[in-house]
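Colleague: turn this into a structure:
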Amino acid sequence: MPSASLDDDLRELAEAGQVGLALKLQNKRNERAEKSKRLLDPRIRQIGASADEWERQIAHKNECRQAEADMARDDRAVLEKLDRIAQQIEAERQEDQRQREASARHHSLNKLGKTARREYFLSDPKRDLSIDIEHVGPSAAQVFAGEFVEDKKAMQEELVVRIIDCVSQRTCKGARNSLTCSYATR
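Modeller: Numbering: from 1, shown residues only. All right, here's what the predicted structure looks like:
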């Protein structure tokens, strides 16, 4: 029974069967006592709040700050962990890329020589060199009508000499026209 927290006069009322009324009256008395205590305390009356309330508020704020600091520390730890994971994934991706490039380079060096290309025989630089008659056989004895490489080179050298002479003497006006005409007549 709640009669232990009631005053003596209210305890008699509660024993008479009116417990609810006795509790309400006791609560009112307690509120009035608290209010009068606050009004009689000059510190609370001038400042408007009790030091205990302030200490409670300060403790609550400190707890909130501590909780925020803990959350920030936890968030930082999670971010660092995620950053390490991202760095590891990036390192694995780069290593995989390096291995693919090394494999492609190895395959290219071993399997893809210049002679393995389809167009190599069309643009073989050694094909235009002089033919080894010993290995060709009787077909090397055939002669076809056409322009010989030696004659073409001699003609080009003669043209160069004429241009140099013409430029050095500066007597030839329209050297380009005369040279092209003389070249065309040959």
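Colleague: okay, the spatially most distant residue from the centre of the chain: pLDDT?
Modeller: Relative to the centre of the chain, the most outlying C-alpha is that of residue 16, 82.2 Å out, by CA atoms, centre = their mean. For residue 16, the model assigns a pLDDT of 83.
Colleague: any idea how far residue 62 is from residue 84?
Modeller: Computed as CB to CB, to the nearest Å, the residue 84 to residue 62 distance reads 33 Å. C-beta coordinates here come from the backbone N, C-alpha and C atoms, glycine included.
Colleague: typed the wrong thing, it's residue 102
Modeller: In terms of CB to CB, residue 102 sits 59 Å off from residue 62.
Colleague: again, but for residue 114
Modeller: Taken as CB to CB, the span from residue 114 to residue 62 is 78 Å.
Colleague: doesn't residue 13 make contact with residue 21?
Modeller: Yes. Residue 21 is in contact with residue 13 according to CB atoms under 8 Å; the separation is 6.5 Å.
Colleague: who has more neighbours, the two?
Modeller: residue 13 (18 against 13; other CB atoms under 10 Å).
Colleague: with just CA atoms, put the helix or strand where that one lies into PDB.
Modeller: Using DSSP states H and E, the element containing residue 13 is helix 8-15. Provided in PDB are the C-alpha atoms of helix 8-15 (Å, rounded to 0.1, in the frame of the first residue of the first chain):
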ATOM      1  CA  ASP A   8       0.100  11.200   8.700                       C
ATOM      2  CA  ASP A   9      -3.200  13.100   8.100                       C
ATOM      3  CA  LEU A  10      -3.400  11.700   4.500                       C
ATOM      4  CA  ARG A  11      -2.600   8.200   5.700                       C
ATOM      5  CA  GLU A  12      -5.800   8.200   7.800                       C
ATOM      6  CA  LEU A  13      -7.700   9.300   4.700                       C
ATOM      7  CA  ALA A  14      -6.200   6.500   2.700                       C
ATOM      8  CA  GLU A  15      -7.000   4.000   5.400                       C
END
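Colleague: residue 59 - how many residues pack around it?
Modeller: Residue 59, neighbours per other CB under 10 Å, totals 10.
Colleague: what about the helices in this protein?
Modeller: Using DSSP state H, the helices of the chain run over 8-15, 19-40, 42-47, 51-111, 133-136, 149-169, 175-185.
Colleague: got the buried residues for the second one?
Modeller: Neighbour-count burial for helix 19-40, counted by 16 or more other CB atoms under 10 Å, picks out 19, 22, 23, 25, 26.
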